[in-house]
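Undergrad: this is a predicted model, with the sequence first.
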Amino acid sequence: MPSLLGELRAIVPLRPLTLPEGLGLAEIQAQALLAASDVRSPPVPESVMIDFPRVRVIRERRLPISGASQWTAGVWIIVVNEDEPRVRQRFTMAHELKHVLDAAHTPAVLYPTIGELDSAQRAEQACDFFAACLLMPRKWVKRAYCNERVQQLATLARRFLVSQIAMRRRLYALGLLDPHQRHLPPTPPSPER
């Protein structure tokens, strides 16, 4: 029986991916992980990102980067910069998990250079997108923003346990915010008023 890690890896074909394919598959992997973890509302627990056999997260101080992942002695080690805010650490864990998922493939094969974006930049883009999709799933963000009318950036970020920068980028990506808008629109008055 394949492991969850194996099932998530199997979603990605062994061939070069276009930019839309790479991002689309990252979102499918994030959705599959949430479904397998039976998580249905924010915030996504850290355990979803790290409770895999042979995956270990280490928090270290004074790192020059946010995080890294490496296969060492039969275990995936995800190192996270402990000096960064907790919300940033969560995003880094999810980002590095995508590197672990992609490790079965060579990044240059999955994410070939396209125009100005080289293979490494495309891999980083896919990992960031996976992290955003895992921590701020499209359906949940749209439900909170559109149906529940939670449109204060700080409130949304707290609900999803992400940074305000990450939430703003996700809202842009989902078409809920105009990229030229400096602030979220004011919350409209409720119909009862």
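TA: Great, that's in hand.
Undergrad: switch to C-alpha atoms for all contacts and neighbour counts from now on
TA: Fine.
Undergrad: quick check, G67 in contact with I77.
TA: No. Counting by CA atoms under 8 Å, G67 sits too far from I77 to count as a contact (10.3 Å).
Undergrad: ok, the closest residue to R15 other than its chain neighbours - how many residues close by?
TA: Closest residue to R15 in three dimensions, ignoring its sequence neighbours and counting by CA to CA, 6 or more residues apart in numbering: L110, at 5.9 Å. L110: 21 surrounding residues under other CA atoms under 10 Å.
Undergrad: ok, L110 to M93 distance?
TA: Here the criterion is CA to CA, to the nearest Å. By it, L110 lies 21 Å from M93.
Undergrad: try W140
TA: 20 Å.
Undergrad: more neighbours, those two?
TA: M93 (24 against 17).
Undergrad: flag the shaky bits of the protein, pLDDT-wise.
TA: 1-2, 179, 181-193 (pLDDT under 70).
Undergrad: where along it do the strands fall?
TA: Using DSSP state E, the strands found in the chain span residues 55-60, 67-72, 75-81.
Undergrad: so for L17, which of those strands sits nearest?
TA: L17 lies closest to strand 67-72 among the strands of the chain, at 22.2 Å (CA to CA).
Undergrad: buried residues in that closest one?
TA: G67, A68, S69 (16 or more other CA atoms under 10 Å).
Undergrad: possible to save those as TSV with distance to G115?
TA: Output for the buried residues of strand 67-72, formatted as TSV (distance: CA to CA, whole Å):
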residue	distance to G115
G67	27
A68	26
S69	27
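Undergrad: how about stretch 84-99 as PDB, C-alpha atoms only?
TA: Only the C-alpha atoms of stretch 84-99 are listed here, as PDB (Å, rounded to 0.1, in the frame of the first residue of the first chain):
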ATOM      1  CA  GLU A  84      11.000  34.200  12.000                       C
ATOM      2  CA  PRO A  85       7.400  34.700  13.000                       C
ATOM      3  CA  ARG A  86       5.400  31.600  13.500                       C
ATOM      4  CA  VAL A  87       3.200  32.300  10.500                       C
ATOM      5  CA  ARG A  88       6.300  32.500   8.300                       C
ATOM      6  CA  GLN A  89       7.600  29.200   9.800                       C
ATOM      7  CA  ARG A  90       4.300  27.500   8.800                       C
ATOM      8  CA  PHE A  91       4.500  28.800   5.300                       C
ATOM      9  CA  THR A  92       8.100  27.700   5.100                       C
ATOM     10  CA  MET A  93       7.200  24.200   6.300                       C
ATOM     11  CA  ALA A  94       4.600  23.900   3.600                       C
ATOM     12  CA  HIS A  95       7.000  25.200   1.000                       C
ATOM     13  CA  GLU A  96       9.700  22.800   2.000                       C
ATOM     14  CA  LEU A  97       7.200  19.900   2.000                       C
ATOM     15  CA  LYS A  98       6.600  20.600  -1.700                       C
ATOM     16  CA  HIS A  99      10.400  20.300  -2.300                       C
END
